[in-house]
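Participant: give me a model of this one.
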Amino acid sequence: MPNNELTPENPELTHEWVPRPHQNDALTEFNGGLRRQLHIWHRRAGKDDFGLNLARIESQRIPGNYWHLFPLQTQAKKAIWDGLDGEGRRIIDHIFPMELRDSTLKNDMLIKFKNGSTWQMAGSDRYNSLVGSNVRGVVFSEWALCNPVAYDYIRPILRENKGWVIFITTYRGKNHAYQMYENLKNNPDWFCSNLTVLDTVRQDGTPILTQADIQKDRDEGMSESMIQQEYYNCPEAAHAGAYYSRQMYDLNASRRRGAFGFNPTLPLYAAFDRSTASILACVLVQPDGNMHNVVGSIVFENMTVQESFAELRETFPFANKISKAIMPPGASIEHITVAGVEFELAPEEPLIEGIDIVRNYLPLTRIDVQLQSWAEEGNNIDFINSLQGYRAETDRHHVDMFKKLPEFVPEIYLANAFLNYCVFAYRGGADDSWSAALDYTLQDRAAGVQQSQRANDTRGYKRRQG
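Facilitator: Sure, this is the predicted structure:
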């Protein structure tokens, strides 16, 4: 007869977990040796359920430190540590029963087990503050929203310990999670899966979510874009709350995404953003009458501005033509010297007004996406993804992800660099682009600006020019 006693020696039965078929596939591959896994699973597919149960089993099988990382510390506490399951049970008490525990440290969201293992929740924004850095197993939940540098910190530890790591997420555009899946989906050392609502069922074979369920979401006001993202894993779906979704749609429809490479007869500006001490983003723009051609974009890590110019010139064959560098408001530029380049600060502008300025100038923007020596898959792809993903929508745990986005997320840096350029140009700094008044009919078609607002904007522009 099977041993049904609740003991550390028989941890699989601690809460009667019966994996769904797709969860069991991942567990089978894990037990077969594929202990690096990346799963793009639709909403309600049981991503955290799989990660938590796997950590429980492994923590009782081999003593060690195990982590479950959410994008943000606040999410970890709300979603799991204080969370309840569908039957009203506290999640961690059901999955990690008291019989297995030695102690529970609430402030650290840390459980110590009787066999010497520990399990801890945290945010990827605080990965370097975790107790017991000699980790053996890690689950990254909502990986598309996590700080990707956290894995770089943890990766060498897992290699040395022969540990494991599981990434579980839905897509959030074509950011680091999408790129990671594309890079690893055929890697024989990884088990990767991409499962929509059409690919998963419950333990009894019935759908987890039916088409009728999804239609109810539509009828209640859930956008088709959100449905495609959450239930069908569509990386092309517009982000909920994306500031520039209408303008980016128009950019594609009006063929302003195409062959608009460097023009030696036009000035070349480098617009920068430094939101952290580690990241320096740069967008290369050429004003062309009332239009603006984005001819290059790049993100630097741990570089000074001077060092970034050296790499710019190594990467882009035309970068020695940069005549002006636009730095973020408040940056210290007195000590920055690059031969032949004039440095100016973008004007101080409230963020909401800056976003509106970008909305007005995207209809006047062309973006080069040609295959280039420095971009074999297409120029400015990360820049386009960053504009499409620049957002202020809450995630499913109602945490404001715009104000608290993890570091190293592309949606922040390149989009902010372009915002600095647009504000600079709007305030009259881009000399060659303001020889004539702006054509607001283009902006109206893309952004839906009301006639009265157009008149106000035009008067404000003329006043600043006068």
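Participant: for Gly354, which three-state class applies?
Facilitator: helix (DSSP: H, G, I helix; E, B strand; the rest coil).
Participant: please apply the same query to the one 3 residues further on.
Facilitator: In terms of secondary structure, Ile357 is helix; the call rests on three-state DSSP.
Participant: report the contact partners of it.
Facilitator: Listed by Cβ atoms under 8 Å, 6 or more residues apart in numbering, the contact partners of Ile357 are 349, 419, 422-423, 426. Yep, even glycine has a C-beta here, placed from its N, CA and C like the rest.
Participant: what is the burial count for Gly330?
Facilitator: By other Cβ atoms under 10 Å, 8 other residues sit near Gly330.
Participant: again with Gly261
Facilitator: Gly261: 15 surrounding residues under other Cβ under 10 Å.
Participant: which residue packs closest to it, ignoring adjacent ones?
Facilitator: Asp368 (5.1 Å; Cβ to Cβ, 6 or more residues apart in numbering).
Participant: surely that neighbour is in contact with Val295?
Facilitator: Yes: in this structure, Asp368 is within contact of Val295 by Cβ atoms under 8 Å, at 5.2 Å.
Participant: so for the two, which residues contact both of them?
Facilitator: Common contacts of Asp368 and Val295, defined by Cβ under 8 Å, 6+ apart, comprise 260-261, 379.
Participant: quick check, nearest of these to Ile91?
Facilitator: The nearest member of these to Ile91, counting by Cβ to Cβ, is Asn379 at 45.5 Å.
Participant: residues in contact with that closest one?
Facilitator: 261, 295-296, 368-372.
Participant: in helices, which of those fall?
Facilitator: Judged by DSSP state H, helices contain none of the contacts of Asn379.
Participant: write the ChimeraX selection for whichever of those residues are buried.
Facilitator: A single ChimeraX command suffices to select whichever of the contacts of Asn379 are buried according to 16 or more other Cβ atoms under 10 Å:
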select :295,296,368,369,372
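Participant: circling back to that earlier point, let's have the shared contacts of Asp368 and Val295 in JSON lines, adding distance to Met248.
Facilitator: Shown next, in JSON lines, are these (distance: Cβ to Cβ, whole Å):
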{"residue": "Phe260", "distance to Met248": "16"}
{"residue": "Gly261", "distance to Met248": "20"}
{"residue": "Asn379", "distance to Met248": "16"}
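Participant: name the nearest of these relative to Lys78.
Facilitator: Once Cβ to Cβ is applied, the member of the shared contacts of Asp368 and Val295 that ends up nearest Lys78 is Asn379, at 40.4 Å.
Participant: ranking helices and strands of this structure by mean pLDDT, which lands last?
Facilitator: The helix or strand of the chain with the lowest confidence, counting by mean pLDDT, DSSP states H and E, is helix 451-465 at a mean of 30.
Participant: and the strands in the stretch 151-300 of the chain?
Facilitator: 164-169, 191-195, 257-258, 268-273, 279-288, 291-301 (DSSP state E, counting those that start in this stretch).
Participant: could you list the domains of this protein?
Facilitator: The chain breaks down into these domains under automatic domain parsing: 11-209, 245-465.
Participant: where are the low-confidence patches of the stretch 151-300 of the chain?
Facilitator: Applying pLDDT under 70 to the stretch 151-300 of the chain picks out residues 237-241.
Participant: would you map the helices across it?
Facilitator: In the stretch 151-300 of the chain, the helices defined using DSSP state H, counting those that start in this stretch lie at 176-184, 211-219, 224-232, 245-253.
Participant: what about the second one, distance to the chain center?
Facilitator: Once both centres are worked out by Cα atoms, centre = their mean, to the nearest Å, helix 211-219 turns out to sit 27 Å from its chain's centre.
Participant: what of stretch 270-279?
Facilitator: 17 Å.
Participant: endpoints of that stretch, how far apart?
Facilitator: 15 Å (Cα to Cα, to the nearest Å).
Participant: swap in stretch 227-242?
Facilitator: One end of stretch 227-242 sits 15 Å from the other (Cα to Cα).
Participant: check stretch 247-260 too.
Facilitator: Start and end residues of stretch 247-260 are separated by 18 Å (Cα to Cα).
Participant: go on, stretch 155-167?
Facilitator: Stretch 155-167 has an end-to-end distance of 13 Å (criterion: Cα to Cα).
Participant: so for it, what gets flagged as buried?
Facilitator: By neighbour count on 16+ other Cβ under 10 Å, the buried set for stretch 155-167 is 158, 163-167.
Participant: reformat the strands of the stretch 151-300 of the chain as CSV; add distance to His22.
Facilitator: Formatted as CSV, the strands of the stretch 151-300 of the chain follow (distance: least, Cβ to Cβ, whole Å):
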stretch, distance to His22
strand 164-169, 12
strand 191-195, 6
strand 257-258, 36
strand 268-273, 40
strand 279-288, 36
strand 291-301, 35
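Participant: and the furthest pair within the buried residues of stretch 155-167?
Facilitator: That would be Gly163 and Phe167, which, of those, are the farthest apart (Cβ to Cβ) at 14.0 Å.
Participant: before we move on, the earlier item: out of the strands of the stretch 151-300 of the chain, flag the one nearest Tyr413.
Facilitator: strand 279-288 (3.5 Å).
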